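Asker: got a structure for you, letters missing:
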């Protein structure tokens, strides 16, 4: 469904991605793990069109999408829940979700998807009128994921959903990620520093280090891989 | 009675400042810089009306309401286009540059417009008398005397401010403007065409400035290419006093400044210091509430 081919990205003079290639199959959860500065966030930002690649290709559903502006990428069915959540703190929870559905005009469908998001994250329904800035970190994360779902995407990019969130909430959020993948048959590309958690829910994984793909395998095999265990899973 | 009269006059003037202040604050909201050329768009609005007045008279007869509306709508449309062009030509190419670069460019655009318009082949530097758009009558309400023009300006401005509130708080485009002003990248990830939202913001702000320019000229009917500087400066103060980036704040700041200026102007011996008083208030507000009256102090985004 999504394929990156020899993607190179540079900020100013610094190269963040050195020609990475990866594939995301329809219906799967694929994860990118790696430490700080490995290039995980850059990869997602480039797919979403926030960053323009220096070279390489991104093909999605058989079409070349690299170089398209961000709003056109969303229109093609790729939504992102970004690093640091980036919820609109000055807007209410409901308005944030409506922003997610910005490109849609099907009222009935939007209402249906709102109900779905509330069923996945009941906390959001309780806080629907509240300003998003007043939510806790975990609630903001739920909102960021819910907001991304509201565009009715075919591919969901999740950037560090566990970052800065209480372990208990993280567990809930990851359970819901799996549920969303199953119930909506939604393909997910997940970026995580918490490799343990990410590989547990994924089908396939890539290990990124300083802008290069170091390893790739099924998630189960990566969890058994001694190199991965030592470097990312705490031995 | 005297003070009530002054208060109402102040509100009429202040509502014009409020209209101008909205443009400053909206542009600051989405782009985080002060569009100094905003006051010149106001002047261009007044000149548009100046040149449209004979046309309106031919179409609708002298000093008719339909004629005045025609002038206001067309002048607003002309200035909306000018505002969009200014952003597109001068500010957009500098989008990723430091804000100081854009700020200085804005001053450059302002000077460019002002001095181009002073050239004798454009408008000329001399003061022109602004045509009477509507016959003004004296209206007495409960012992207070108003010109009917002041009342019309007050009512129309109140309607425009209410319309702006509705647009920003209740429409999808308004929601997009608020989203872009909070986080441009996140808005783009929602499918918002950020450039289009920015153009739209400039169009609205400039249309409001044009209308304000016409209203301002109806009160002080001498127009020249530098006429935007004074009301522009006051509206800028109003936007900062209210809390830059905050729409109700801009409206409040505008009204406040208009009332203070008019009331101070009515006190013998103080009237010469009314600008001093306005700036003293700016300094006081910023001393005690650095983010403005309605502004929230926010940590600078990284």
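Answerer: Structure's in. What do you need? Predicted, not measured: the structure shown is a model, and the values here were computed from it.
Asker: Going by C-alpha atoms from here, please, whenever you check contacts or count neighbours.
Answerer: Fine.
Asker: And whatever residue of chain A ends up closest to chain B, how close does it get to residue B:189?
Answerer: Across chain A, the shortest distance to chain B (CA to the nearest CA) belongs to residue A:71, at 3.8 Å. Separation of residue A:71 from residue B:189 (CA to CA, to the nearest Å): 6 Å.
Asker: Neighbour count: the two, which is higher?
Answerer: Under the criterion of other CA atoms under 10 Å in any protein chain shown, the comparison of residue A:71 against residue B:189 puts residue B:189 first, with 28 against 23.
Asker: Help me confirm that that one comes into contact with residue A:45.
Answerer: No - using CA atoms under 8 Å, residue B:189 is not in contact with residue A:45; the gap is 9.6 Å.
Asker: Report the buried residues of the helix or strand containing residue B:208.
Answerer: In this assignment (DSSP states H and E), residue B:208 forms part of helix B:194-219. Neighbour-count burial for helix B:194-219 flags B:194, B:197-218 (criterion: 16 or more other CA atoms under 10 Å in any protein chain shown).
Asker: about what we covered before: now the residue of chain A closest to chain B, nearest residue through space, not along the chain?
Answerer: Nearest non-adjacent residue to residue A:71, counting by CA to CA, 6 or more residues apart in numbering or on different chains: residue B:191, 3.8 Å away.
Asker: residues in contact with the one you found?
Answerer: The neighbours of residue B:191, taking CA atoms under 8 Å, 6 or more residues apart in numbering or on different chains as the test, are A:70-75, A:100, A:102-103.
Asker: likewise residue B:180?
Answerer: If you count contacts by CA under 8 Å, 6+ apart, then residue B:180 has B:30, B:186-187, B:194, B:197 around it.
Asker: do that again at 10 Å, thanks
Answerer: Counting by CA atoms under 10 Å, 6 or more residues apart in numbering or on different chains, residue B:180 makes contact with A:88, B:29-31, B:174, B:186-188, B:192-195, B:197-198.
Asker: Tell me where the model's unsure across chain A.
Answerer: Scanning chain A for pLDDT under 70 picks out A:235.
Asker: For it, what lies in contact range of chain B?
Answerer: Contact residues, chain A versus chain B (CA under 10 Å from any CA of the partner chain): A:45, A:48-50, A:69-76, A:78-82, A:85-91, A:95-104, A:144, A:147-148, A:150-151.
Asker: Tell me where chain B is predicted with low confidence.
Answerer: Ranges of chain B meeting pLDDT under 70: B:1, B:297-302.
Asker: Swap in 90 and give it another go.
Answerer: For chain B, the stretches with pLDDT under 90 are B:1-9, B:96, B:134-154, B:157, B:219-221, B:245-246, B:260-283, B:285-286, B:290, B:294-302.
Asker: residues in it within reach of chain A, list them.
Answerer: B:169, B:172-173, B:175-176, B:178-194.
Asker: Quick one: buried ones out of those?
Answerer: B:169, B:173, B:175-176, B:178-194.
Asker: Restricted to helices, list the residues you listed.
Answerer: Members of these lying in helices (criterion: DSSP state H): B:169, B:173, B:175-176, B:178-182, B:184-189, B:194.
Asker: between these, which is nearest residue B:121?
Answerer: residue B:194 (37.8 Å; CA to CA).
Asker: Return the residues in contact with residue B:241.
Answerer: Contacts of residue B:241 by CA under 10 Å, 6+ apart are B:235, B:249-250, B:252-254, B:256-257, B:281-286, B:289-295.
Asker: and if you look at residue A:78?
Answerer: Residue A:78 sits in contact with A:2, A:47-48, A:60, A:70-72, A:148-149, A:151-157, A:187-188, B:189-191, where contact means CA under 10 Å, 6+ apart.
Asker: now the end-to-end length of stretch A:216-226.
Answerer: Stretch A:216-226: ends 13 Å apart by CA to CA.
Asker: Can you give me the buried ones in that stretch?
Answerer: Applying 16+ other CA under 10 Å to stretch A:216-226 flags A:216, A:219, A:222-223 as buried.
Asker: Please apply the same query to stretch A:58-66.
Answerer: A:58-60, A:65-66.
Asker: Quick one: distance of it to the chain centre.
Answerer: 18 Å (CA atoms, centre = their mean, to the nearest Å).
Asker: can you pull up the bridge partners for the most centrally placed residue in chain A?
Answerer: For chain A, the residue nearest the mean C-alpha position is residue A:158 (1.4 Å; CA atoms, centre = their mean). Note on residue A:158: beta-bridge partners by DSSP bridges are residue A:81, residue A:190.
Asker: Can you show me the strands along chain A?
Answerer: A:2-11, A:14-24, A:29-33, A:55-60, A:63-64, A:78-81, A:155-159, A:187-192, A:204-209, A:212-218 (DSSP state E).
Asker: before we move on, back to that, which among the buried residues of stretch A:216-226 gets closest to residue A:114?
Answerer: residue A:219 (31.7 Å).
Asker: OK, contacts around the residue nearest to the closest one when sequence neighbours are not counted?
Answerer: Nearest-residue entry for residue A:219: residue A:204, 4.6 Å, with adjacent residues in sequence omitted and distances by CA to CA, 6+ apart. Residue A:204 sits next to A:23-25, A:28-32, A:189, A:198, A:216-222 when contact means CA under 10 Å, 6+ apart.
Asker: what's the answer for residue A:86, then?
Answerer: Here residue A:86 is in contact with A:140-141, A:143-144, B:182-187 (CA under 10 Å, 6+ apart).
Asker: Distance to residue B:40 for these - can I get that in CSV?
Answerer: Output for the contacts of residue A:86, formatted as CSV (distance: CA to CA, whole Å):
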residue, distance to residue B:40
A:140, 42
A:141, 44
A:143, 43
A:144, 41
B:182, 27
B:183, 29
B:184, 27
B:185, 31
B:186, 33
B:187, 30
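Asker: Phi and psi next, for whatever residue of the stretch 51-200 of chain B ends up closest to chain A.
Answerer: Distances between the stretch 51-200 of chain B and chain A by CA to the nearest CA are smallest at residue B:191, namely 3.8 Å. As for residue B:191, its main-chain torsions (degrees, to the nearest 10) stand at phi 100, psi 10.
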